[in-house]
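J.: just need the structure, nothing else, for what follows:
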Amino acid sequence: MIHEVPRMADEGYRFVARPAGAHHGHPVLVFDSAGRLHLTLTIFAKEATKRLSANSVAVYLYAILPFFSFLASTQPGAEQAWNGDSGVVRRWVGEYLEEQLGCILRRHRLGFELVQVTGRTRNNVGAFLAALKRFYLVMREVGCYTGENSLVDVTSCMSGEPSDDGCDGDRDDRPKCQISAASSQPGRTGG
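T.: Residues are numbered from 1 along each chain as shown. Now for the predicted structure:
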C-alpha cells in the first residue's frame with residue numbers, strides 16, 4: 001500500500017494514497033504545486049502499479065515529482081515541457097540533472113549524453129532516470145505522449161549491428177539501446 005505523503009513547506013508536487021471509499025481505481029492521486037490534480041502523473045502511477053510493486057511506484061514518484069516541480073518553477077508554461085518533442089525533453093532533463101542533482105553532462109562521440117556523477121551529486125540519479133524512462137514508456141502506451149521515449153537513444157538500437165557477445169572477433173563498444181543519460185561513474189553501468 002502506498003502511504004500518504006504529507007504536504008511540504010515548499011509545496012512541490014506530491015501524491016496521496018487513494019482515499020478510503022473512492023472507487024476511481026487510481027491507487028494514488030498526484031497533485032501539482034498549486035494543489036490541483038495532475039491527471040497525467042495520476043495515470044502514470046495507476047499504470048505503473050500494474051507492472052511494479054506499490055513500493056517501486058512510490059520510489060519512482062519520489063524520484064520524478066521534484067522534476068515536475070522544477071519544470072513548474074522554472075518559467076510560466078514550462079510544466080508542460082514534459083510533453084514536448086524528445087529534444088526539448090532532453091534539454092530540460094539535462095538542465096535538471098546539472099542544476100538540481102549536481103551531475104555533469106557530456107556528449108558521447110556516438111551522440112548520446114553521459115551523466116557523470118560528482119561529489120555533490122544526489123544519490124537518486126539512477127532512480128530518477130529509471131522513473132522518467134518508465135514514465136515516458138507508460139505515457140506512450142496510453143497515448144498521452146506521441147514522441148520518441150526521450151531517455152532511450154534510438155540510434156543505438158539499429159538492427160544488423162554486430163553482436164556484443166564477443167564472438168565476432170571485433171571489439172564492439174557501441175551501446176545497445178543506451179539510456180541517453182547513462183551514468184558514467186567508474187565502476188557503475190548506466191541504464
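J.: so the residue nearest to the spatial centre of the chain is in which element?
T.: The residue lying closest to the centre of the chain (CA atoms, centre = their mean) is Leu132, at 1.1 Å. Leu132 belongs to helix 125-141 when elements are defined using DSSP states H and E.
J.: show me what that helix is packed against.
T.: helix 39-51, helix 54-74, helix 86-99, strand 181-183 (3 or more CB pairs under 8 Å, 6 or more residues apart in numbering; DSSP states H and E). For the C-beta atoms, the positions are set from N, CA and C on the backbone; glycine is no exception.
J.: please repeat the previous calculation with a cut-off of 10 Å.
T.: When contacts are defined as 3 or more CB pairs under 10 Å, 6 or more residues apart in numbering; DSSP states H and E, helix 125-141 sits against helix 39-51, helix 54-74, helix 86-99, strand 113-116, strand 181-183.
J.: picking that back up, is it true that the residue nearest to the centre of the chain touches Pro66?
T.: No: using CB atoms under 10 Å, Leu132 makes no contact with Pro66, being 11.2 Å away.
J.: now do the shared contacts for those two.
T.: Any residue near both Leu132 and Pro66 by CB atoms under 10 Å, 6 or more residues apart in numbering counts here, and that gives Tyr96.
J.: pLDDT-wise, which helix or strand of the protein ranks last?
T.: Lowest by mean pLDDT, DSSP states H and E among the helices and strands of the chain is strand 181-183, with a mean of 42.
J.: quick check on Leu37: phi, psi?
T.: The phi/psi pair for Leu37 (degrees, to the nearest 10) reads phi -60, psi 130.
J.: again with His24
T.: phi -80, psi -10.
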